[in-house]
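[1] Predicted coordinates and the sequence they were generated for:
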Amino acid sequence: MPDGVFPIDGLPRVEGSSIRVSSAGDEVDRWSGGFSFAIWDREQRALRAYRDHYGARPLYYAARRGRVYLSGDIPSLLGPLTDARLDEIAIAEYLATGAPTENRTFHDGIARVPAASLLCVDRNGIRTRRYWNPWDGRWAGRDRPADVDEEFRRLFRRAVLSCFDGHSFVGFLLSGGPDSSSVLGMAASLCQEGILDPRSLKTALTLSFEENADCDEGSLARETAERWGVRWKAVPIEDISPLYTMDRFLEAHGEPPCTANLAIEMRLFEAARTEGVRVVLDGHDADVLFSPSGSYLSELARGLRWVRLVREVVALRRHHQFTPSRLLRETLAPLARRHQRASRVPDWIRPDLARKTNLRDRIEDASRIGGSFEEREAMRVLTPSVGLSLEATRSMERLCGIEGRHPYFDPALIRFLVSVPLRHRFQQGATKILIRRALADLLTPDVRSRIRKTNYRPYFDWSLRRHLERYLESLRDDQGAYICSILDHSRVSSMISLLLRGESPNSLALWRALALDRWVRFRQGQQPEDTDEIVHAS
């Protein structure tokens, strides 16, 4: 059998040439885009399977009776692995944090290759290792704003250009923020330079809200689209349930989604398909690259930088409505290891399950990232929550015949952004400083000056009450439900009652419990009574 490259969910884009089997491992620094693929080396009798840098394309594997199975989706593996059981550890971690740790799936015996990682199968067995690290040291260039801006613009321009790749019609997921606006602006600028065909910029799609007007960014997005002469379309979202197309998703994805935006993203991709778009560009979650984690405040306190700390606290309260309790928690918790360990396991998870799965220790171990503050912040790009959210998005793209591309997750751009001093990205509550400064000509004045990020939480809470009241009531009253073996039913019932009264419990935790319940019912072939209510808008 000759050597071969086997695409599982796409091949990497390689600047200047196509991928070559013989030198694939040597060219890894030139790869970009979303991909998962395998290479068979006949001479060494070794299989190497790669997953992209940020986990946009899924890659799963399982070993049975001397064979290794690879797939880009879990349901394909459940055929030969009929004995796969639910993984209680993954389920407990999902309910506690929103994502399983390590390389777990919800099925015991089926594992996922982590983002930026390589699966090796040879005579020595099966193992995974990371082939790429976002942290490559501090930037060696001059720390002047003009020099930083120039390099950022060069890398960003290249990242956007690489996303076109000959496709005739490209759509944009456009919010009113600087990340998605800069993607559209750069693409339009490339058209003006004659590098891209203006006809390739098909449509810009923006979520539309009426009852939750504070979430609507239509006016800002429309202004951006009109500036560049791109057709703009508002996509209404309030008429559909948070469980819209959930059963189709579960059938294709094979496990509950690690995102609460399932219905929103599905509706956007359906709209893109209707518009004749097959590739969509998205500024997806550039926040992880530009905004620091809560440990930033504790780092200031640890370094006794009290003036800077006070300024940040004041700015976070003014621009982003951080509550005093949240600010205190994010400042002190990382400094108090014992307090952190004692408070990490949510009280709605049954204590016996937490003890059985060593949940507290697992969560604690997952939160430990060594190195300097800058290195720890850079490694957030590879946390499971980022890749697992993108995995769910990829399953929705497949269902709609869409391919999503993310310029801000270009590996060279990522390494640059995490290497420059934080003040170029975030300072005194001002987010994405580098985008606003280096790409000022690509943004409208309103977008450039906007600091506060839209909070979709009120819409999400409203949508749960509006569309899933009966579903939540049945979950609250059914003490024989599967999740009662995992969650403290009294605590869940109390949280549901508070939500239905319009108060503010942890609605994301409720969503995970609801999604898990739905998935278990789906696996058991049960049809919930409220199916019509859930899919009425399909």
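    Received, thanks.

[2] okay, CA-based contacts and neighbour counts for the rest of this
    Will do.

[3] mind checking how far Gln321 is from Gly176?
    Going from Gln321 to Gly176 by Cα to Cα, to the nearest Å gives 19 Å.

[4] Which one's more surrounded, those two?
    When neighbours are counted by other Cα atoms under 10 Å, Gln321 and Gly176 differ, and Gly176 comes out ahead with 23 against 11.

[5] which residues sit in contact with that one?
    Neighbouring residues of Gly176 by Cα atoms under 8 Å, 6 or more residues apart in numbering: Glu217, Gly218, Ser219, Leu220, Ala221, Val447.

[6] which residues touch the first one?
    Taking Cα under 8 Å, 6+ apart as the definition of contact, the neighbours of Glu217 are Ser175, Gly176, Thr206, Leu207, Ser208.

[7] Make JSON lines from the residues you listed and add pLDDT and secondary structure to it.
    As requested, those are arranged in JSON lines below (pLDDT from 0 to 100; DSSP: H, G, I helix; E, B strand; the rest coil):
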{"residue": "Ser175", "pLDDT": "91", "secondary structure": "coil"}
{"residue": "Gly176", "pLDDT": "88", "secondary structure": "coil"}
{"residue": "Thr206", "pLDDT": "96", "secondary structure": "strand"}
{"residue": "Leu207", "pLDDT": "95", "secondary structure": "strand"}
{"residue": "Ser208", "pLDDT": "95", "secondary structure": "strand"}
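
[8] Nearest to Trp306, out of those: which one, please.
    Gly176 (33.7 Å; Cα to Cα).

[9] Pull the number of nearby residues for the closest residue to Ala366 other than its chain neighbours.
    The shortest distance from Ala366 to any non-neighbouring residue, by Cα to Cα, 6 or more residues apart in numbering, is to Thr101 (6.7 Å). For Thr101, the count of nearby residues is 21 (other Cα under 10 Å).

[10] wait, doesn't Thr101 sit right on Leu382?
    No: using Cα atoms under 8 Å, Thr101 makes no contact with Leu382, being 11.5 Å away.

[11] is it true that Leu442 touches Ser180?
    No: using Cα under 8 Å, Leu442 is not in contact with Ser180; the gap is 11.0 Å.

[12] Identify the spatial nearest neighbour of Val230, chain neighbours not counted.
    Distances taken as Cα to Cα, 6+ apart place Thr203 nearest to Val230, at 6.1 Å, with adjacent residues excluded.

[13] gap between the helix or strand harbouring that neighbour and the chain center?
    Using DSSP states H and E, Thr203 maps to strand 201-208. Relative to its chain's centre, strand 201-208 lies at 20 Å (Cα atoms, centre = their mean, to the nearest Å).

[14] elements contacting that strand?
    When contacts are defined as 3 or more Cα pairs under 8 Å, 6 or more residues apart in numbering; DSSP states H and E, strand 201-208 sits against strand 170-173, helix 218-227, strand 231-236, helix 262-274.

[15] Next, find the distance separating Ala38 from Ala221.
    To Ala221, Ala38 is 40 Å away according to Cα to Cα.

[16] err, Phe416, not the other one
    Going from Phe416 to Ala221 by Cα to Cα gives 28 Å.

[17] same question, Ser36
    For Ser36 relative to Ala221 (Cα to Cα), the value is 33 Å.

[18] and what of Arg153?
    Arg153 is 22 Å from Ala221, where distance means Cα to Cα.

[19] who's more crowded, these two?
    Remark: of Arg153 and Ala221, Ala221 carries more neighbours, 27 against 17, as counted by other Cα under 10 Å.

[20] shouldn't the more buried one be in contact with Ser175?
    Yes: taking contacts as Cα under 8 Å, Ala221 lies within contact range of Ser175: 5.6 Å.

[21] and the lengthiest helix in the chain, what's its mean pLDDT?
    Counting residues, the longest helix found in the chain (DSSP state H) is helix 457-477. Averaged across helix 457-477, pLDDT comes to 90.

[22] again with stretch 239-250
    Average pLDDT, stretch 239-250: 93.

[23] Contacts only, for Ala440.
    By Cα under 8 Å, 6+ apart, the residues touching Ala440 are Arg448.

[24] ok, 6 Å please
    With contacts defined as Cα atoms under 6 Å, 6 or more residues apart in numbering, Ala440 is in contact with no residue.

[25] ranges for the strands of the stretch 51-200 of the chain?
    60-64, 67-71, 85-86, 107-108, 111-112, 117-122, 125-130, 170-173 (DSSP state E, counting those that start in this stretch).

[26] got the buried residues for the first one?
    Of the residues in strand 60-64, those buried by neighbour count under the rule 16 or more other Cα atoms under 10 Å are Tyr60, Tyr61, Ala62.

[27] residues in contact with the second one?
    If I follow you right, that is Tyr61. Tyr61 makes contact with Tyr69, Leu70, Ile110, Ala111, according to Cα under 6 Å, 6+ apart.

[28] Which one (most neighbours) among those residues?
    Highest neighbour count within the contacts of Tyr61, by other Cα under 10 Å: Ile110, with 23 neighbours.

[29] Which stretches in the stretch 1-150 of the chain count as helices?
    Residue ranges of the helices in the stretch 1-150 of the chain, as given by DSSP state H, counting those that start in this stretch, are 74-78, 88-97, 145-162.

[30] typed the wrong thing, it's the stretch 201-350 of the chain
    Using DSSP H, counting those that start in this stretch, the helices of the stretch 201-350 of the chain run over 218-227, 246-253, 262-274, 287-290, 295-302, 306-320, 324-332, 337-343.

[31] and the fifth one, which residues are buried?
    For helix 295-302, a neighbour-count test (16+ other Cα under 10 Å) marks Ser295, Tyr296, Leu297, Ser298, Glu299, Leu300, Ala301 as buried.

[32] Could you tell me which ranges of this structure sit under the pLDDT cut-off?
    Scanning the chain for pLDDT under 70 picks out 1-3, 16-26, 82-83, 166-167, 285, 333-343, 367, 479-481, 526-538.

[33] Could you list the domains of it?
    Here the domain assignment for the chain is 4-130, 145-289+383-449, 293-373, 457-535, based on automatic domain parsing.

[34] ok, how many other residues are close to the nearest residue to Asp29 once chain neighbours are set aside?
    Leaving aside its sequence neighbours, Asp29 sits nearest to Trp132 (Cα to Cα, 6+ apart; 7.9 Å). Neighbours of Trp132 under the rule other Cα under 10 Å: 17.

[35] From Asp9, how far out is Trp132?
    Computed as Cα to Cα, the Trp132 to Asp9 distance reads 19 Å.

[36] Likewise for Thr323?
    Computed as Cα to Cα, the Thr323 to Asp9 distance reads 43 Å.

[37] Next: Leu382.
    According to Cα to Cα, Leu382 stands 19 Å off from Asp9.

[38] Looking at these two, which has the bigger crowd around it?
    Per other Cα under 10 Å, whichever of Leu382 and Asp9 has more neighbours is Asp9, with 20 against 17.

[39] Pull the contacting residues for the more buried one.
    When contacts are counted by Cα under 6 Å, 6+ apart, Asp9 touches Phe35, Ser36.

[40] next one: Arg57
    Contacts for Arg57 (Cα under 6 Å, 6+ apart) come out as Gly34, Phe35, Ser36.
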